[in-house]
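Asker: Take this sequence and fold it.
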Amino acid sequence: MNDNRLIHIGFGNIVNTDKLISIVSPEAAPIKRLVQTAKEENRAIDATSGRKTKSVLIMENGMVVLSALLPETITGRAQTGSEDLNES
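Answerer: Numbers count the residues shown, from 1 in each chain. Here you go, the predicted structure:
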């Protein structure tokens, strides 16, 4: 049985929590550099649908996912499973 948990990160976009390392705010300079580098290296996935980036998800394979949801919102969904999309 597959136990991968999926969470909604906004605008119909889904992330596998098993592959998620961290969820951070995009405001700090080091995170801005990380996002810029990821974009240059084609490792960034923009899941904001044109909205302002409010959180950056760092995946274990080095991919960087940009979301328009706040880090607290995504963290809450990951912890409670309230937005868990798996079917039991």
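Asker: What confidence value was assigned to residue 4?
Answerer: If you check residue 4, the pLDDT there is 79.
Asker: That one is in what secondary structure piece?
Answerer: Using DSSP states H and E, residue 4 is not contained in any helix or strand.
Asker: you'd agree it is up against residue 14?
Answerer: No - Residue 4 is beyond contact range of residue 14, at 10.6 Å (criterion: CB atoms under 8 Å). Heads up, the C-betas are built off the backbone N, CA and C, glycines and all.
Asker: Tell me which of the two has more neighbours.
Answerer: In this view residue 4 and residue 14 are compared by other CB atoms under 10 Å, and residue 14 has more residues nearby, 12 against 9.
Asker: which residue packs closest to the more buried one, ignoring adjacent ones?
Answerer: residue 6 (4.9 Å; CB to CB, 6 or more residues apart in numbering).
Asker: Confirm for me that the one you found is in contact with residue 18.
Answerer: No - contact criterion CB under 8 Å: residue 6 and residue 18 do not qualify, at 9.3 Å.
Asker: Tell me the bridge partners for the residue nearest to residue 14.
Answerer: Residue 6 has the following beta-bridge partners by DSSP bridges: residue 16.
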